[in-house]
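**Q** Just a sequence and a predicted model for now, questions to come.
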Amino acid sequence: MIDKVYCVDVKPEMEGKKVKLAGWVYRKREVGKKVFIVLRDSSGIIQIIFRKEDGDAYQKAKSTGIESSVVVEGTVKADPRAPTGVEIQGERLEIIQNVEFFPITKDASDEFLLDVRHLHLHSPKVAAVMKVKATLMQAAREWLLQDGWYEVFPPILVTGAVEGGSTLFKLKYFDRQAYLSQSAQLYLEAAIFGLEKVWSLTPSFRAEKSRTRRHLTEFWHLELEAAWMDLWDILKVEEELVSYMVQRTLELRRGDIETFRKDFTTLRKTVPPFPRISYDEAIDILQSKGVEIEWGEDMGADEERILTQEFESPFFVYGYPKHIKAFYMKEDPEDPRKALAADMLAPEGYGEVIGGSQREDSYEKLVQRILDEGMDPKDYEWYLDLRKYGSVPHSGFGLGLERLVAWVMNLDHVRWATLFPRTPSRLYP
């Protein structure tokens, strides 16, 4: 009996060995009395040759269509002309399901690919993105374990806003109003009083009608909160975590990254310490480049894109005006106009991938910020309790996983960085 192997397992040094593979017909061509099938599985591709003298196997190979599922047995043969430097002389072919016509062709539009995203997932290029995404999270978990952080599992159904009520998805929760979570942050803050350093990976939902290349209405959110850390402490955590994620993924998935990215300069330069500039400096840079922006205005995607041209690695912008940041961010004691907040921006035009801050730990100031935002302190009663029973300085941040993947893979939109993207105009499939 021949054991099944993956495409990636077949090496030139296995010349003459019989192997068995299962996968899908990725490419097919007929030349004279030969049929060449490029088989794909989750590990990669390999070329298989069927000759007319192979009889039944050859006839079956001729009849298979693209994306047919098959099981193949044959003998390994080293050949530098083959796509992977090795091929298989096919001897047996079992067709699990024959596909006469696969709907996706090479000239398919982006919108069509999104309409048939369930079939688009067959693509090795899509698989490369998902492998890199999985490896980035594998690396994050490695670093977090090494650094003593505890993973926790916060709720997705919530009663209040974190990032502003206008972007909440509302739903009926029995006889009450509830919302889909915008962020796990408030719940992570509660967890630091027992665990000190916590993190979670959860879906977050934003009812924003934004159609920029970096927005989704549902995305995966890697969030950290820590007791006893100020803004500068948490920035150190951010740069060490992101650096490890990128460098580890480069080590393990370079070939997959190369599917989309040829220049690795910015990835290689993703090592601590990351450059830091103040919001004031950022405004000066933008104004010097002719951008019409004044102090106190928020920076959007266009402004961030221009700013990233000054850097070859991720960098921080800190000291944003308080009025453009969330209510929970601590006021800068040295300049009450500002918040102790910082964003991490990715280079090459990708912009913000992390938003973080030192959290307001004063009960009185937090109540006032909630009132200033036009919200009801009663909706945050449990959150305010955290400032009444053993409050401590603490900080945290949220990383948009799809945004990080989009930058690492050099994608033109974050929608390609998730299995089934959700946008204002797309809820199917």
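**A** Yes, it's here. Numbers count the residues shown, from 1 in each chain.
**Q** give me the element the nearest residue to M229 once chain neighbours are set aside is part of.
**A** Closest residue to M229 apart from its sequence neighbours, by CB to CB, 6 or more residues apart in numbering: S395 at 4.5 Å. (Glycine included, C-beta is placed from N, CA and C.) Per DSSP states H and E: S395 is located in strand 394-400.
**Q** pLDDT averaged over that strand, what's the number?
**A** Mean per-residue pLDDT for strand 394-400: 98.
**Q** Counting neighbours, which bits of that strand end up buried?
**A** By neighbour count with 16 or more other CB atoms under 10 Å, strand 394-400 contains the buried residues 394-400.
**Q** T75: how many residues sit nearby?
**A** For T75, the tally of surrounding residues (other CB atoms under 10 Å) stands at 15.
**Q** For the helix or strand containing it, what is the distance to the chain centroid?
**A** Assessed by DSSP H and E, T75 sits inside strand 69-78. Between the centre of strand 69-78 and the centre of its host chain there is 35 Å, according to CA atoms, centre = their mean, to the nearest Å.
**Q** same question, stretch 90-106
**A** 32 Å.
**Q** The strand holding T75 pairs with which strands?
**A** Strand 69-78 has the following strand partners under DSSP bridges: strand 18-31 (antiparallel), strand 86-97 (antiparallel).
**Q** re earlier: from the buried residues of strand 394-400, which single one is nearest F219?
**A** If you rank the buried residues of strand 394-400 by distance to F219 using CB to CB, G400 comes first, at 5.7 Å.
**Q** that older thread, will you turn the strands paired with strand 69-78 into CSV that also has distance to L195, mean pLDDT and mean neighbour count?
**A** Output for these, formatted as CSV (distance: least, CB to CB, whole Å; pLDDT from 0 to 100; neighbours: other CB atoms under 10 Å):
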stretch, distance to L195, mean pLDDT, mean neighbour count
strand 18-31, 44, 98, 17
strand 86-97, 48, 97, 18
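**Q** need those in a markdown table with distance to V237, can you?
**A** Shown next, in a markdown table, are the strands paired with strand 69-78 (distance: least, CB to CB, whole Å):
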| stretch | distance to V237 |
| --- | --- |
| strand 18-31 | 42 |
| strand 86-97 | 44 |
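**Q** which stretch among those strands comes nearest D233?
**A** Closest of the strands paired with strand 69-78 to D233 is strand 18-31, at 48.5 Å (criterion: CB to CB).
**Q** quick revisit: adjacent strands (with direction) for the strand holding S395?
**A** Applying DSSP bridges, one finds strand 394-400 paired with strand 218-227 (antiparallel), strand 351-358 (antiparallel).
**Q** quick one: which of those is nearest R337?
**A** Ranked by CB to CB, the member of the strands paired with strand 394-400 that lies closest to R337 is strand 351-358, at 15.1 Å.
**Q** burial count for F311?
**A** F311 has 17 nearby residues by other CB under 10 Å.
**Q** Distance of the closest residue to it other than its chain neighbours relative to R268?
**A** Among residues not flanking F311 along the chain, P347 sits closest, at 5.1 Å (CB to CB, 6+ apart). With distances taken as CB to CB, to the nearest Å, P347 is found 12 Å from R268.
**Q** and these two? which has more neighbours close in?
**A** P347 (21 against 13).
**Q** so what pLDDT did that one get?
**A** P347 is given a pLDDT of 98.
**Q** Distance check, it against V408.
**A** Going from P347 to V408 by CB to CB gives 11 Å.
**Q** One more: M245?
**A** For M245 relative to V408 (CB to CB), the value is 9 Å.
**Q** hang on, A191 in a strand?
**A** No: using DSSP: H, G, I helix; E, B strand; the rest coil, the secondary structure at A191 is helix, not a strand.
**Q** Residues in a beta bridge with the closest residue to it other than its chain neighbours, which ones?
**A** With sequence-adjacent residues excluded and distances taken as CB to CB, 6+ apart, A191 is closest to V198, at 4.5 Å. Note on V198: beta-bridge partners by DSSP bridges are Y150, E225.
**Q** Likewise for H394?
**A** According to DSSP bridges, beta-bridge pairing links H394 with A227.
**Q** Give the buried residues for stretch 319-338.
**A** For stretch 319-338, by 16+ other CB under 10 Å, it's 319-322, 325-332, 338.
**Q** circling back: is it true that the residue nearest to M229 touches E360?
**A** No: in this structure, S395 is not within contact of E360 by CB atoms under 8 Å, at 10.8 Å.
**Q** list the residues that contact both of these two?
**A** By CB atoms under 8 Å, 6 or more residues apart in numbering, S395 and E360 have no common neighbours.
**Q** Grab the longest helix from the chain for me.
**A** helix 231-258 (DSSP state H).
**Q** Distance from the chain centre to that one, please.
**A** Between the centre of helix 231-258 and the centre of its chain there are 12 Å (CA atoms, centre = their mean).
**Q** neighbouring contacts of the very next helix or strand once past that helix?
**A** Downstream of helix 231-258, the first helix or strand assigned by DSSP H and E is helix 265-268. With CB under 8 Å, 6+ apart as the contact definition, helix 265-268 has outside contacts at 246, 250, 257, 261, 312-313, 346-348, 408.
**Q** just to revisit the earlier point, list the contacts of the residue nearest to M229.
**A** 225-226, 229-231, 233-234, 356-359.
**Q** Now list the buried members of the residues you listed.
**A** 225-226, 229, 231, 234, 356-359.
**Q** which non-adjacent residue is nearest K11?
**A** Using CB to CB, 6+ apart, the closest residue to K11 is V86 (6.4 Å).
**Q** just checking, the one you found touches I49?
**A** No: the criterion here is CB under 8 Å, and V86 misses it with I49 at 11.7 Å.
**Q** So for K236, what's the nearest residue that isn't a sequence neighbour?
**A** According to CB to CB, 6+ apart, the nearest residue to K236 is P272 (7.4 Å).
**Q** Show the contacting residues for the one you found.
**A** 236, 239-240, 243.
**Q** before we move on, what about E303?
**A** Contacts of E303 (CB under 8 Å, 6+ apart): 286, 291, 293.
**Q** Quick check: which element contains the first one?
**A** Element membership for L286, per DSSP H and E: helix 279-288.
**Q** so how far is stretch 175-186 from its chain's centroid?
**A** 22 Å.
**Q** what comes into contact with it?
**A** Contacts for stretch 175-186 (CB under 8 Å, 6+ apart): 154-164, 167-172, 200, 202-206, 221, 223, 225, 328, 383, 396, 398.
**Q** got the CA positions of it in CSV?
**A** This file holds the C-alpha atoms of stretch 175-186, laid out as CSV (Å, rounded to 0.1, in the frame of the first residue of the first chain):
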residue,chain,number,x,y,z
ASP,A,175,-36.4,42.4,25.1
ARG,A,176,-33.3,44.6,25.1
GLN,A,177,-31.1,46.6,22.7
ALA,A,178,-27.7,45.1,22.2
TYR,A,179,-24.8,45.7,19.7
LEU,A,180,-22.1,43.8,18.0
SER,A,181,-18.7,44.5,19.5
GLN,A,182,-16.5,47.2,18.0
SER,A,183,-13.7,46.2,20.3
ALA,A,184,-12.9,43.9,23.2
GLN,A,185,-11.0,46.7,24.9
LEU,A,186,-13.3,47.5,27.8
